[in-house]
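Chemist: coordinates for the following, if possible.
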Amino acid sequence: MSLEEVYRRNLEHRAHRSGWLRAAVLGVNDGLVSNASLMLGFVAAQTSTATVITAGLAGIAAGALSMAVGEYVSVSSQTDIENADREIEEAHLALDPEGELLELAKIYEDRGIPRDLALQVARALHDHNALEAHLRDELGQHDLTKARPMQAAFASAAAFTLGGLIPLLGVFIPTIINQAVSIIAITVLGLALAGVIGAKISGTNPIPPTIRIMVGGSLAMAVTAGIGALVHISGL
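Modeler: Numbering: from 1, shown residues only. Predicted coordinates:
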């Protein structure tokens, strides 16, 4: 790839998408795989179509709520850590502003800036907003990648619901062989689409993530279908 092509592809940075994108990709993938696997387990156990549909709807509701709560709690913990670090840094700046100035200058010096210039830059940033400079350059806290619990929770729940509805459609699609084939086919198609869209949004090559998501999802479906078949055979 030429430098010009790289430049064109990266005109817009993707860092600000990292929070909701991670939650959305995880939600779609989880919705597709878990709901398809759940439904295939019931199909393999040779239950009625009504039971399979009920299991699919229940799986969507339970999964979406679980994903939302899980993401909210997880990201909130990250927010708590960020806030605690902010308070610690505020205390350090209040107790030893000169020492913090030298610490910031050392960070810039370690990155290749000459000592005198590093100190000059650090002093200018301290005069502008010392806390912001330390949070950004010492602790790596950026506004673009800041933890946002509600955003992550909503993205996860919505994405899981969308992903979970795709295998449910397989129940209503006529198939030459059986219901399981319809569910598997539409789920694999959904996994491939999720991989391509996720890669497109993040600006990466779509082939590796698409292969990963398809292989992992297919394996999960195979294992769950096998368990359902064993349940039917055993008569449980």
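Chemist: pLDDT weak spots in the protein?
Modeler: 1-23, 143-147, 174-177, 202, 231-236 (pLDDT under 70).
Chemist: run the last query once more with 90
Modeler: Applying pLDDT under 90 to the chain flags residues 1-34, 36-49, 52, 67-68, 70-116, 118-123, 125-157, 159, 169-236.
Chemist: got a list of what Gly195 touches?
Modeler: Contacts for Gly195 were tallied using CB atoms under 8 Å, 6 or more residues apart in numbering; they are 206, 209-214. Glycine gets a C-beta too; all of them are placed from N, C-alpha and C.
Chemist: from Thr54, how far out is the residue of the chain most remote from its centre?
Modeler: Farthest-out residue of the chain from its mean C-alpha position, per CA atoms, centre = their mean: Asp116, at 42.1 Å. Separation of Asp116 from Thr54 (CB to CB, to the nearest Å): 72 Å.
Chemist: cool, and Ala229?
Modeler: 20 Å.
Chemist: tell me which of these two has more neighbours.
Modeler: Ala229 (17 against 14; other CB atoms under 10 Å).
Chemist: starting from the host helix or strand of Leu131, tell me the next helix or strand along the chain.
Modeler: Per DSSP states H and E, Leu131 falls inside helix 115-137. Downstream of helix 115-137, the first helix or strand assigned by DSSP H and E is helix 149-169.
Chemist: with just CA atoms, put that next one into CSV.
Modeler: Output in CSV follows, covering the C-alpha atoms of helix 149-169 (Å, rounded to 0.1, in the frame of the first residue of the first chain):
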residue,chain,number,x,y,z
PRO,A,149,-20.6,3.6,30.9
MET,A,150,-24.1,4.6,29.5
GLN,A,151,-22.8,4.7,26.0
ALA,A,152,-21.2,1.3,26.3
ALA,A,153,-24.3,-0.2,28.0
PHE,A,154,-26.7,1.1,25.3
ALA,A,155,-24.4,0.0,22.4
SER,A,156,-24.0,-3.5,23.9
ALA,A,157,-27.7,-4.0,24.5
ALA,A,158,-28.7,-2.7,21.0
ALA,A,159,-26.0,-4.6,19.3
PHE,A,160,-26.9,-7.9,21.1
THR,A,161,-30.6,-7.5,20.2
LEU,A,162,-29.7,-6.9,16.5
GLY,A,163,-27.3,-9.9,16.5
GLY,A,164,-29.8,-12.1,18.3
LEU,A,165,-32.6,-11.4,15.8
ILE,A,166,-30.6,-12.6,12.9
PRO,A,167,-30.5,-16.4,13.8
LEU,A,168,-34.2,-16.1,14.9
LEU,A,169,-35.0,-15.3,11.3
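Chemist: counting contacts, what elements does it pack onto?
Modeler: When contacts are defined as 3 or more CB pairs under 8 Å, 6 or more residues apart in numbering; DSSP states H and E, helix 149-169 packs onto helix 18-44, helix 49-95, helix 179-202.
Chemist: and those helices, which is most packed in?
Modeler: Across those, averaging neighbours per residue (mean count of other CB atoms under 10 Å) puts helix 18-44 on top, at a mean of 24.
Chemist: that one - contacts with which helices or strands?
Modeler: Packing partners of helix 18-44 (3+ CB pairs under 8 Å, 6+ apart): helix 49-95, helix 149-169, helix 179-202, helix 207-234.
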